[in-house]
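Participant: 3D, please:
(2 chains)
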Amino acid sequence: MYLTALRVLQPATGAGGVNAFHYAHDTTDWISLPHDPDEKPGRLVNQNVQVPVGGNRMRSYLDLIAPDDAPWEEIRQGLLQFVLDHDEEPMPWSGRAGRTRFWIGMEQALAQNWSEELAVLWRAVKAVRLPAGQ
Amino acid sequence: MSKSALNRYRGLVKKLWVARTLALGGELSQDEEAAYAEELNDCRRELTKQEEEQLAEELRGTNAFKPHGLGGPKQLASGRNT
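Facilitator: Just a heads-up that it's a prediction; the model follows:
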């Protein structure tokens, strides 16, 4: 599965919010999963859109790719480890923790309170994720 | 061995800090808090007296073991359909 949450800004109106999407890869074999979200996003199974897609400026993002049936707790522990592995580097961050690949990026203004912003994005991917098999 | 326990302790405190932040106002489960507490106590038992004092000094800081984060670009490149 590919889960993504993006904080976006609509330049014309100034409206902002977090859009989140869940794509399924229909496989539990993590070795065969794409190494890049853009490589093969998968099948869209759910979305929460606060700002209509199209023409927005991206301010922060959290992407993760994991097997469709990966337990949420496994992904959460992976995120904790991933953050600890990268927290002394400037963003963007990318890497793997266990069976999950993560990508995190924020513009400077948000990166100053990166942990709070990450928590918002994390909540968004958790909310958009549907159980495996859907 | 002792140096490893001190670094392990620092790592655990940092990890606990991140876990609580991700919980976004929610609390970690009692089981998880207890697991962290037990692991921290295990590490602490392995510390030498000097390391205990060093740790006590570090823990006095309000942002003790808070993960750093070194910023990001002024703007993100738009590489996808947003």
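Participant: the longest helix seen in chain B: which residues count as buried?
Facilitator: Identified as the longest helix of chain B according to DSSP state H is helix B:2-22. Buried residues in helix B:2-22, defined by neighbour count with 16 or more other Cβ atoms under 10 Å in any protein chain shown: B:5-6, B:8-10, B:12-22. The C-beta positions use only the backbone N, C-alpha and C, and glycine is treated the same way.
Participant: can you tell if the helix or strand of chain A with the lowest mean pLDDT touches chain B?
Facilitator: Taking mean pLDDT, DSSP states H and E as the measure, the helix or strand of chain A with the lowest value is helix A:108-111, at a mean of 89. Yes - Helix A:108-111 lies within reach of chain B by Cβ under 8 Å from any Cβ of the partner chain, at A:Gln108, A:Leu110, A:Ala111.
Participant: and which of the residues you listed is nearest to A:Ala24?
Facilitator: A:Leu110 (28.8 Å; Cβ to Cβ).
Participant: these two touch, right, the closest one and A:Arg7?
Facilitator: Yes - contact criterion Cβ atoms under 8 Å: A:Leu110 and A:Arg7 qualify, at 7.1 Å.
Participant: those two - which one has more neighbours?
Facilitator: A:Arg7 (26 against 21; other Cβ atoms under 10 Å in any protein chain shown).
Participant: doesn't the more buried one belong to a strand?
Facilitator: Yes - in this structure, A:Arg7 lies within a strand as judged by DSSP: H, G, I helix; E, B strand; the rest coil.
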